[in-house]
Every structure is written in C-alpha cells, then in structure tokens.
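> What follows is a predicted protein model with its sequence.
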Amino acid sequence: MHQTIAQKQLSLFDILGPVMIGPSSSHTAGVARIGYLARRLFGTQPDSVTVQFYGSLAATWLGHGSGDAIVAGLMGIPPEDEQLRDGRKLLEKALAEGSGFHITIEAMPKLPTGWHPNTVSLIISGSHKQLRLRASSIGGGSIQIDEINGYMVALSGMLDALLVVHRDEIGVIAIVSHILAANHINIAATSSHRKEKGDEALLVIEVDNPIPQSIVDQISNLPPVFSVIHLPSLEQL
Amino acid sequence: MKYQFSTLIELQDLLQAEKLSFDTYLLQREAFLSDKSLASVTEELDRRIAVTRQALIRGLSEPQHSRSGLTQGAAYAFQHAQNKLIAEPLFNRTIAYALAINEVNACGGKIVAFPTAGSSGIVPGVIWAYWESRVLGSQNFASIPAPLGPPYDLRLRSAFLMASLVGMVIAQGATLAGAEGGCQAECGSAGAMAAASLAFLEGAPFEICIDAAALSLKNSLGLACDPVAGLVEVPCVKRNALLAVQALASVELALAGIRSVIPFEEVVQAMKQIGDSMPASIKESAEGGLAATPTGLHYKKLIMGGE
C-alpha cells in the first residue's frame, strides 16, 4: 500500500473551529461529518444503512448523540445544522412520510488492532449499488477516511478528491493527470492502490480546486476506467 | 513572505522582519493558505465570533439541561445568585459566560470548538466578559448580553486572533486533544489562550501576553481528562469557568510585571512530555480518575442504562 497524504498547514480555523453542534468534537462533530461525507460519496438517497461504532464511540455514542449525528449526516443535514441532535427522530418522521432509509446502529465490542479508537464503519445500500466505508474521527472534528469498498485510503475530506477505479494497465495515471493539468487543476496528492497486478486498481487524487462534473465525466469515459467517485471537499460547506 | 512557523520566537523574528502586527500577519497567512481574499477570511472570522456570542446569549437566557442530567443550568443559577464574595462584574461575568457557552455545548447547541468543544467556553467567555464590562460598560451583571453581530471591532477580532495564535503554537509543539494529552491539552490550552487575549485587550505588549499564557499553562500541566460516563460535562463545564478565572489571575500577575521563569515554548514542551507519559486511563477514555469514582460509576450506570 502506497500513501501520500496531503499535508495541510495548520489553519487559523483549525484552532478557531469548527463551528459545530455539541457536545463532543470527536464524538459528535466528527461523526456528523463522516455521515455527511458518506452521503455525498454515495450520491443518492440510500435504502438502508448499517452503522458500526468502534472503540470509544462504541462506549459513549448514546450520550454524545453520535447516532443522531451520523443519521443526520446521512440524511444530508450539514454538520453545522442544529437539527443534527434530532437525527434519528427526523429519520423516523421521514420514514413515516415515505422517504428516508432503514438504519441499523451497532456498538461493536472489540476494536480491531491498528484501527483508530474512534472508528465508524458504514455499509450504505441503494437499489443498484453498495458503498462500504470505514472512517475515523481523529480529534477536533477532523476526520479521515480509512477504507472505501475494500481499498485502504487516507483521505481528510478537506480537499476535492477523485477516486478512479480502473484496470491496472500502463498510462492510466498519466492520462488522468494530463486531463487535470489541461484544466488547470493542481494535484495536491496522489496514491495508487491495486488488488493484484493487472487486476482492478484504485487511483486516488486530491486536488486544490473544485473539480467540475464535465471533467469527472471525461475521466469516467476513458476505456480502462470502470468508475469514478467524486468527493467534493468538506471545506466547501 | 514566510507562512510557516512552529515557535513564537520564529514568529516574532518573522513579524519584525516584515514589520507586521500578529493579527494582520495571521489574516494574510490564512488568505494565502486558503487561496481566499482577505475580506472573505475576515468574514469567516466574524461568522465564528458571532457563533460564540449567540451561544453565550442562549446559555444565559434559560437554564441549560443536558440529556444526561449532569448539566443543570449552572450559568443561569450563578448569574441569578445574590450573595457574591467578590462583587466585580468582570470577575462574575467571566465565570457566568464561560459556564454558559460550555453548557450550550453540553446540551447539543451550536458552538465553536476553540480549541475543542469541551473547552469552548473559556476563551470566548473571558473575551466577552471583558468586552461587556470594559468596552460596552454594561452595569447590571445579571442582564443577558444583547445580540451583537458582525462586522466586529478590530480589537475584538484581534483578541480572538491572539488566542488562536497561542493555540496554533501549542498544537504544533504538543497537542490540543484530550485523548492525546489529557485535559491540560484542552482546558489548559484554552486557559493559556484566554490569558493571552485578555492581556492583549488590556493593551499589554506581545511578550507580556505570551507570558500571561505561560503562567496559566504552567498551572494546568498534568490536568487529567477523566469525564464522568465519557461525556463532555463533568468536570468539563465547571472547569471552563475555573480556568477562565485562572486566566484572569494570570493576566493580573503578568501586568504586574511578574514574569514566567520558564518561557512559554518550554512550557509547551513540558506539556507534551507530561501528556506522553500520562496513562491512557486519564486521557479521555473515561476509565480512570473522576470517571472511576463510586459516584462517577453510579452516574455512568444511570445514564448508559437509561437510554
């Protein structure tokens, strides 16, 4: 596994912030962001979601409102919205009105070795797709995505990111970076992950500027590319 | 211009070379790093200051009760209590305001984590208490502060920037997370940040502001993070008030010309070393300290079994 995490210099607003709904930056705000980001990654309204809390979250999720926070995020309620604290109630209401999704929340008894003490694992299912996501709330409301559909990644969500699932062959990284360069999009970090030589691979690119849909489409249409997930940055809330 | 610094000494050299004040430098640095205009950075700063003001007003308007029952309107009760030993509005507002903002956090209200949610009452509590008492000159201590939205006074913005600067230096030299460094990293840092901004508001030179921060931080070293039932309520809420008062006292010492023997940078190093050697049971795991007392365990059972 190769990883290059984009290092961001400490911002004024890392200290004076985030603006959040209490009570805990790591158990409430970070978890709300994970839910919100997962929903953005999934793109549409899911049919069902399974949430698994690990470590310190498993022990204190009820008191910290972590369940409401993740549900609110999955419903697309932004992390700064005060409705966050009523996430599960709002979902029940949405279900009664024929929208919403089925939710299962589990507190997991054991934290796997090497996982962050505040980890959330999500299985999001819709009519034709499923997203499996593992993320951690790493302090002060900051988060990291650790795993997407079985691929190990390390994304902060603070930069626009493209996840390109492609056939492992020569030149894919070059073509994709050429397309970005031609559109004046600066790459902050890239990492490449593959299951086996010649098999399916994942290219993760974090960039400094927002990526327009037309570029996402252009990359999706490349012959060796199976699918593209665009993750808009959390900073643009 | 150079936008990277890890110590205050580095920063001071940089400010001298560029002939810039710390507040202008911080805003310009932010604009550069985020690729935004100075105006939009200032607007975002104001938006965050406004959130602290709204939280303050909410916390004093009615008693704040949390879901767990551990938070029961201390700010409201304090503001309406009659017999005060020290009848000084700045002193009493400092206590009430820090409590109010942190109670709003405990109750799932909107706050700014400054530097964290659990310590969010200290810096804005101290700054707003000073602003209300010494700048707006409100007489009646028990009154609810009036709404005050952006754009904010330059001096008020700079007070928030001074606190942020101290927080940045601590974040780079040690940590601001209770899980990594105990409560010295959260409320301890906030106390130091508040002391620096209060000294700034009183017109103290930069060095004295940092000395006030050092005096406060020294007195928070070793502070455990041992919240009852793992919730950001006990001892956090009242600790916000008590560390805000410590910030006041630190500024009094610094203004009297009493220097911290150990310079700020070295206090931060000491904080890191102490944090690293603290057992995990008192670093936000809710396994030791107050959380493990018979009463702490009683509440844990009551709260966790109740829902």
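Perfect, I can see it now. Numbers count the residues shown, from 1 in each chain, chains lettered A, B, ... in the order given.

> Which residues lie in contact with the residue lying closest to A:Asn209 once chain neighbours are set aside in this structure?
Of all residues not flanking A:Asn209 in the chain, A:Ile185 sits nearest, at 5.0 Å (C-beta to C-beta, 6 or more residues apart in numbering or on different chains). Using the backbone N, CA and C atoms, a C-beta is placed for each residue, glycine as well. Counting by C-beta atoms under 8 Å, 6 or more residues apart in numbering or on different chains, A:Ile185 touches A:207-209, A:211, A:215.

> ditto for A:Pro109
A:Ala58.

> Give me the phi and psi for it.
phi -70, psi -30 (degrees, to the nearest 10).

> again, but for A:Ser48
Main-chain torsions, A:Ser48, degrees, to the nearest 10: phi -150, psi 150.

> Do I have it right that it meets A:Ile103?
Yes - here A:Ser48 reaches A:Ile103: they are 7.4 Å apart, a contact under C-beta atoms under 8 Å.

> Compare those two and say which is more crowded by neighbours.
Neighbours were counted for A:Ser48 and for A:Ile103 using other C-beta atoms under 10 Å in any protein chain shown; A:Ile103 has more, 20 against 13.

> In a strand, the more buried one, correct?
Yes - assessed with DSSP: H, G, I helix; E, B strand; the rest coil, A:Ile103 lies in a strand.

> beta partners for the nearest residue to it once chain neighbours are set aside?
Leaving aside its sequence neighbours, A:Ile103 sits nearest to A:Val49 (C-beta to C-beta, 6+ apart; 5.3 Å). Going by DSSP bridges, A:Val49 is paired in beta bridges with A:Ile103, A:Ile124.

> tell me the contacts of A:Val49?
A:Val49 neighbours (C-beta under 8 Å, 6+ apart): A:74, A:101-104, A:122-125.

> Which of the residues you listed are buried? Put it as a PyMOL command.
PyMOL command restricting these to the buried ones, with burial defined by 16 or more other C-beta atoms under 10 Å in any protein chain shown:
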select buried, chain A and resi 74+101+103+122+124+125
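
> Now do B:Glu307, the pLDDT please.
On the pLDDT scale, B:Glu307 is placed at 41.

> so, in contact with chain B or not, the lengthiest helix in chain A?
For chain A, the longest helix by residue count, based on DSSP state H, is helix A:30-42. No - judged by C-beta under 8 Å from any C-beta of the partner chain, helix A:30-42 and chain B are separated, with a smallest distance of 10.2 Å.

> Check which helices and strands that helix is in contact with.
Counting contacts by 3 or more C-beta pairs under 8 Å, 6 or more residues apart in numbering or on different chains; DSSP states H and E, helix A:30-42 packs against helix A:66-74, strand A:118-125, strand A:130-139, strand A:142-148, strand A:225-231.

> I'd like to know which elements the first one is packed against.
Looking back up the chat, that one is helix A:66-74. Helix A:66-74 packs on helix A:30-42, strand A:48-55, helix A:56-64, helix A:87-96, strand A:102-107, strand A:118-125, going by 3+ C-beta pairs under 8 Å, 6+ apart.

> One more: the fourth one?
In terms of contacts (3+ C-beta pairs under 8 Å, 6+ apart), strand A:142-148 is packed against helix A:30-42, strand A:130-139, strand A:151-155.

> Out of those, which one sits most buried?
Neighbour counts (mean count of other C-beta atoms under 10 Å in any protein chain shown) averaged over each of the helices and strands packed on strand A:142-148 peak at helix A:30-42, with a mean of 26.

> how many degrees apart are that one and helix A:56-64 in direction?
Going by axes from the mean of the first three to the mean of the last three C-alpha atoms, to 10 degrees, helix A:30-42 is angled at 110 degrees with respect to helix A:56-64.

> now the strands: where do they sit in chain B?
B:110-112 (DSSP state E).

> Low-confidence ranges, it, go.
B:305-307 (pLDDT under 70).

> Next: chain A.
Ranges of chain A meeting pLDDT under 70: A:1-8, A:236-237.

> residues from it in reach of chain B?
Residues of chain A lying near chain B (C-beta under 8 Å from any C-beta): A:9-26, A:28-29, A:56, A:59-60, A:62-65, A:80, A:82, A:84-85, A:117, A:139-141, A:208.
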